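# whatever this is, show me its structure:
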Amino acid sequence: MNFRRLLRLRLHPDEYLVQLSWPFTEEKRIKMEKAMQVFEAKEEYFIRNGAILLEKQISCNQGIDIETIRVFSAKDILQATNNYDPDLILGTEIATVYKGKLDDSHKNVLRLNGCCLETEIPMLVFELISNSTLFDNLHGKGKWVPRLISWLDRVRIAMASYAICYMHCGRSRPIVHLDIKSSSIFLDESFSAKLSKFGFAVSIAPGEDFFKCDVYSFGVVLVEVLTDRKPSEMLIRRMNLVDDFVSSMEENCVLQIVDDVVLSQGSNEEIQAFSELALRCAKNQGDKRLTIKEVTLKLMEFKSSISPFLLHYILHK
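A predicted model of the protein is given here:
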């Protein structure tokens, strides 16, 4: 597959034949020069942003059951975002995120639909999740009003550990995320979690012990799910969400800081078990934390310990 040749054909299917068949007027000459400048800039960005490497990667994966990444043109992105309409901006935390519409991985990972390499800054095109992030649903942000998330849905959201487990254990070369937080977890219409925001993720060699950083961060998310408290607000008040949670566990009064929805819908035994799991993730010393595989297995055990009616609701909602 020759990306450079395909790019030329895609941008200018017959422009050269038409323009070279007629005498140039000054207006046509200027238009052609501008078109060539745009084309050359796009081609330069396309190559500079990794087209050759992507071509080699796709060639290496031929014959392997891996979905090929789709390459979008700059025109595709302009159309999908209505010419970068500011009203379609969803967020600007790390990069500007637009809501777009197209003509046509792991279930707990936000799906990457493709990329665009023709722009000065390369773009990634992800699936759109209608329910926004866990942070927005818990605390509200912009147009998002905080929602009353049921205890059962919070258990479903905790299954984001599957995605982290896949990154840590399901690949020949493990990946650590390094930015796990409630704003990195999107929720679909049934409140299933989709891990996203891989800007800080790195691939590491087997045996390197950076995994426990992700486990600690996931523990903070579990505490946030239980208490409905913002970690950032706690810091402003010179308090630490995890320290406050640990103190409550040590003093056997964790029910006093648990969110009212959880308290009204979960049994004391369920809340205690979930809290103990969060505590084992958020240990100060990394070697005392669980692995994400152990966390996922514990969550599966926890889910199976819920009454049969509630378990059926979680699995089939």
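
# okay, now the nearest residue to Thr227 once chain neighbours are set aside: neighbour count?
Once flanking residues are discounted, Thr227 sits nearest to Ile257: 5.3 Å by C-beta to C-beta, 6 or more residues apart in numbering. (C-beta placed from N, C-alpha, C; glycine too.) Neighbour count for Ile257, taken as other C-beta atoms under 10 Å: 19.

# quick one: Ile257 from Phe200, how far?
Noted for Ile257: a distance of 30 Å to Phe200, by C-beta to C-beta, to the nearest Å.

# would you mind measuring from the residue nearest to Thr81 when sequence neighbours are not counted to Ser305?
Distances taken as C-beta to C-beta, 6+ apart place Tyr98 nearest to Thr81, at 4.5 Å, with adjacent residues excluded. From Tyr98 across to Ser305, the span is 43 Å (C-beta to C-beta).

# which of those two has more neighbours?
Using other C-beta under 10 Å, the more surrounded residue of Tyr98 and Ser305 is Tyr98, with 20 against 11.

# pretty sure that one contacts Thr92?
No - at 10.2 Å, Tyr98 and Thr92 do not qualify as touching, with contact defined as C-beta atoms under 8 Å.

# sorry, back to before: run through the bridge partners of the residue nearest to Thr81.
With DSSP bridges as the criterion, Tyr98 is bridged to Ile89.

# and it, what pLDDT?
Model confidence at Tyr98, given as pLDDT, is 77.

# for it, what are its contacts?
Ala80, Thr81, Tyr84, Asp85, Leu88, Ile89, Leu90 (C-beta atoms under 8 Å, 6 or more residues apart in numbering).

# give me the three-state assignment for the third one.
Tyr84 carries the three-state label coil when classified by DSSP: H, G, I helix; E, B strand; the rest coil.

# tell me if I'm right that it and Lys99 touch.
No - assessed by C-beta under 8 Å, Tyr84 is found out of contact with Lys99, at 11.4 Å.

# quick one, domains of the protein?
Using automatic domain parsing, the domain ranges for the chain come out as 3-126, 134-316.

# Leu226 and Phe274 touch, don't they?
Yes - applying C-beta under 8 Å, one finds Leu226 in contact with Phe274, separated by 6.4 Å.

# just the strands in the protein please.
In the chain, the strands defined using DSSP state E lie at 70-72, 89-91, 97-98, 112-116, 123-126, 175-176, 185-187, 193-195, 202-203.

# circling back to that earlier point, need the pLDDT of the residue nearest to Thr227.
You'll see Ile257 listed with a pLDDT of 95.

# quick one, what contacts it?
Ile257 neighbours (C-beta under 8 Å, 6+ apart): Thr227, Arg229, Asp244, Phe245, Ser248.

# which members of those residues are the farthest-apart pair?
Pairwise distances across the contacts of Ile257 (C-beta to C-beta) peak at 11.4 Å, for the pair Arg229 and Ser248.

# circling back: which of the contacts of Ile257 are buried?
Buried by 16 or more other C-beta atoms under 10 Å: Thr227, Arg229, Asp244, Phe245, Ser248, out of those.

# so the last one is in contact with Val254, correct?
So that's Ser248. Yes - with contact defined as C-beta under 8 Å, Ser248 counts as touching Val254 (4.5 Å).

# so the nearest residue to Val202 once chain neighbours are set aside versus Ile164, what's the distance?
Of all residues not flanking Val202 in the chain, Val176 sits nearest, at 6.0 Å (C-beta to C-beta, 6+ apart). Taking C-beta to C-beta as the measure, Val176 falls 9 Å from Ile164.

# for the closest residue in space to Lys298 that isn't next to it in sequence, what are its contacts?
Closest residue to Lys298 apart from its sequence neighbours, by C-beta to C-beta, 6+ apart: Leu277 at 5.3 Å. Leu277 makes contact with Leu222, Leu290, Val295, Lys298, Leu299, Phe302, according to C-beta under 8 Å, 6+ apart.

# so how far does stretch 133-144 reach from one end to the other?
Using C-alpha to C-alpha, to the nearest Å, one end of stretch 133-144 lies 10 Å from the other.
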